[in-house]
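S.K.: For reference, the sequence and a predicted model appear below.
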Amino acid sequence: MFSLGTGIECKAQSKKSFKATIEGKKTSLYTLKNKKGMKALITNYGARLVSLYAPDRKGKMEDVVLGYDNVMDYHTKGQNFGATVGRYIGRIKGPSFELDGQTFHLQDDGLGHISHGGKPGFANRVWEVKAKNDSTLTLQYVSPDGENGFPGELTVTLTYSLSFDNSLGVDFLATTTKPTVLNLSNHSFFNISGDLTQPITNQQLKIAADSIATFDKGKNLDGNFMAVVGTPFDFREARTIGDSIDADNDQLKITKGYDHAFKLTSKAIEPAATLYDKVSGRKMEVFTTEPAIQIYTGNGLKGNQKGKNGILYQRRTAICLETEHFADAPNHKNFPSTTLRPNEKFHSKTIFHFSVEK
């Protein structure tokens with residue numbers, strides 16, 4: 001039994017509630033653990049992080065990610081809690097892109113773009129378990145040539161690992177049979193307070209970034225970057241998330257809060273972002289090989305998603321720190337390339353490291 005920090009005991013999700021057959025494939029729940037008592041619960045449906053139990057300053061283990069108690073809620077409710085998003089996280093406008101002189105037309109969501117790789121995306125697929133031990137789980141999905149319009153058969157291998165120092169690693173490898181584009185990320189909704197009913201606006205955030213990619217009024221990237229200095233997006237020094245989240249700023253008005261890709265200045269051995277909750281003492285540092293991190297402050301949560309323990313997830317009770325390339329990069333040559341070719345290997349690694357401030 002683990003506490004959610006709400007005065008209610010939360011029974012860890014059972015394997016039984018994650019056993020199902022979806023599209024003819026079996027789903028289950030897998031547990032990773034280390035000797036310090038930290039645990040990560042993962043389902044092969046969408047290669048999702050279901051729960052992550054991390055200690056507070058008193059050693060109390062609490063779940064720090066939003067999600068559901070059973071696999072069918074993940075299947076039917078259409079939320080990306082903990083999901084692996086692909087083939088391309090974010091929007092591609094058009095929806096189309098040109099590669100090697102050929103135009104590829106992608107699945108249209110009816111709004112002139114494709115979002116998060118279309119439907120069904122990687123979050124809606126049952127992944128194959130390739131290997132497992134107490135601390136690592138390796139999953140694989142083979143995306144067929146032409147899935148949602150993307151060229152090439154893409155083989156994605158994902159390894160989750162839970163290390164002795166309370167770090168959760170997310171390691172992607174991918175290969176393709178034809179030139180293609182991809183942008184993979186984990187879409188966990190974090191609330192490191194351990195109380196999934198509480199807003200994250202009182203937590204402190206630091207981001208190693210001096211600019212953000214900007215949106216047009218339709219919430220599509222316009223190909224430009226804006227310096228963060230003198231704006232509500234300046235998190236180069238740690239500060240409270242809620243300080244300027246509702247400031248009179250054109251970019252914040254488009255997204256009704258933070259939902260932007262920050263262009264990272266950090267190297268892989270340096271934290272790209274640091275999140276701190278002063279009440280619990282938990283600190284989460286994010287390390288990544290990716291060039292950007294999308295910060296989303298749960299602005300779209302409306303209290304109509306019933307999650308673990310029957311909690312209705314309210315607005316801004318979670319923050320996503322999605323390490324990734326930029327959305328719509330295939331249509332903006334000034335963005336880091338997302339092209340992958342045959343005989344090349346895509347590799348991306350992100351680490352979520354947990355510690356406590358005494």
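M.R.: Here it is on my side, so go on. Numbering: from 1, shown residues only.
S.K.: can you list the weak-confidence ranges in this protein?
M.R.: Within the chain, the stretches with pLDDT under 70 are 1-13.
S.K.: Going along the chain, name the helices of it.
M.R.: Remark: helices assigned in the chain by DSSP state H are 71-76, 250-255.
S.K.: Pipe those into CSV and attach distance to Ser348 and mean neighbour count per row.
M.R.: Bear in mind the C-beta positions are built from the backbone N, C-alpha and C, glycine included. Output for the helices of the chain, formatted as CSV (distance: least, CB to CB, whole Å; neighbours: other CB atoms under 10 Å):
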stretch, distance to Ser348, mean neighbour count
helix 71-76, 23, 18
helix 250-255, 25, 15
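S.K.: Quick check: which of these is nearest to Lys25?
M.R.: Across these, Lys25 has its closest neighbour in helix 71-76 (11.6 Å, CB to CB).
S.K.: which secondary structure elements does the closest one contact?
M.R.: Here helix 71-76 touches strand 20-22, going by 3 or more CB pairs under 8 Å, 6 or more residues apart in numbering; DSSP states H and E.
S.K.: Which among the helices of the chain is found nearest to Ser188?
M.R.: Closest of those to Ser188 is helix 71-76, at 13.0 Å (criterion: CB to CB).
S.K.: quick one: contacts for the residue nearest the centre of the chain?
M.R.: Nearest to the geometric centre of the chain sits His187, at 1.9 Å (CA atoms, centre = their mean). Taking CB atoms under 8 Å, 6 or more residues apart in numbering, we find His187 in contact with Asn80, Phe81, Gly82, Ala83, Thr84, Val85, Ile89, Ala123, Cys320, Glu322.
S.K.: List the beta-bridge partners for it.
M.R.: Ala83 (DSSP bridges).
S.K.: Dump the helices of the chain into a markdown table; add distance to Val279 as well.
M.R.: What follows is these, written out as a markdown table (distance: least, CB to CB, whole Å):
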| stretch | distance to Val279 |
| --- | --- |
| helix 71-76 | 29 |
| helix 250-255 | 26 |
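S.K.: Now for Tyr45, how many residues are close by?
M.R.: 26 (other CB atoms under 10 Å).
S.K.: Report the separation between it and Asp277.
M.R.: Noted for Tyr45: a distance of 29 Å to Asp277, by CB to CB, to the nearest Å.
S.K.: Check Pro232 too.
M.R.: For Pro232, the distance to Asp277 - CB to CB - is 21 Å.
S.K.: Over to Gly110?
M.R.: In terms of CB to CB, Gly110 sits 39 Å off from Asp277.
S.K.: Looking at those two, which is more packed in?
M.R.: More crowded of Gly110 and Asp277, by other CB under 10 Å: Asp277, with 25 against 5.
S.K.: So which of the contacts of His187 is the closest to Lys178?
M.R.: Ile89 (20.4 Å).
S.K.: For the nearest residue to that closest one once chain neighbours are set aside, give its distance to Pro144.
M.R.: In this structure, Ile89 finds its nearest non-sequential neighbour in Ser185, 4.6 Å apart by CB to CB, 6 or more residues apart in numbering. According to CB to CB, Ser185 stands 21 Å off from Pro144.
S.K.: And for Ala227?
M.R.: For Ala227, the distance to Pro144 equals 42 Å [CB to CB].
S.K.: Pro232 too?
M.R.: 43 Å.
S.K.: Looking at those two, which one has more neighbours?
M.R.: Remark: of Pro232 and Pro144, Pro232 carries more neighbours, 16 against 10, as counted by other CB under 10 Å.
S.K.: Next, count neighbours for the residue nearest to the more buried one when sequence neighbours are not counted.
M.R.: Using CB to CB, 6+ apart and skipping the chain neighbours, the partner closest in space to Pro232 is Ser244 (3.5 Å). Look at Ser244: counted by other CB under 10 Å, it has 17 neighbours.
S.K.: Torsion angles phi and psi at Ser244?
M.R.: The phi/psi pair for Ser244 (degrees, to the nearest 10) reads phi -130, psi 20.
S.K.: if I read this right, it contacts Phe235, doesn't it?
M.R.: No. Shown here, Ser244 and Phe235 do not form a contact pair, counting by CB atoms under 8 Å, at 9.8 Å.
S.K.: Now for Met284: which residues touch it?
M.R.: So Met284 contacts Ala54, Val64, Phe190, Ile192, Thr274, Leu275, Tyr276, Phe352, His353, Phe354 (CB under 8 Å, 6+ apart).
S.K.: and the closest residue to the fourth one other than its chain neighbours, what are its bridge partners?
M.R.: Translated: Ile192. Excluding its sequence neighbours, the residue lying closest to Ile192 (CB to CB, 6+ apart) is Arg282, at 4.4 Å. Following DSSP bridges, Arg282 is listed with bridge partners Val356.
S.K.: so who does Leu49 touch?
M.R.: Going by CB under 8 Å, 6+ apart, Leu49 touches Ala40, Leu41, Ile42, Val65, Gly67, Gly82, Tyr160, Leu168, Asn186, Ser188.
S.K.: how many other residues sit next to Phe326?
M.R.: Neighbourhood size, Phe326 [other CB under 10 Å]: 23.
S.K.: Quickly note the distance from the residue nearest to Ile192 to Phe354.
M.R.: Counting by CB to CB, the gap from Arg282 to Phe354 is 7 Å.
S.K.: Can you give me the end-to-end span of stretch 63-79?
M.R.: 18 Å (CA to CA, to the nearest Å).
S.K.: so which of the contacts of Leu49 comes closest to Asp100?
M.R.: Asn186 (29.8 Å).
S.K.: ok, that closest one - contacts?
M.R.: Counted by CB under 8 Å, 6+ apart, Asn186 has contacts Leu49, Gly82, Ala83, Thr84, Val85, Val170, Glu322, Thr323, Thr350.
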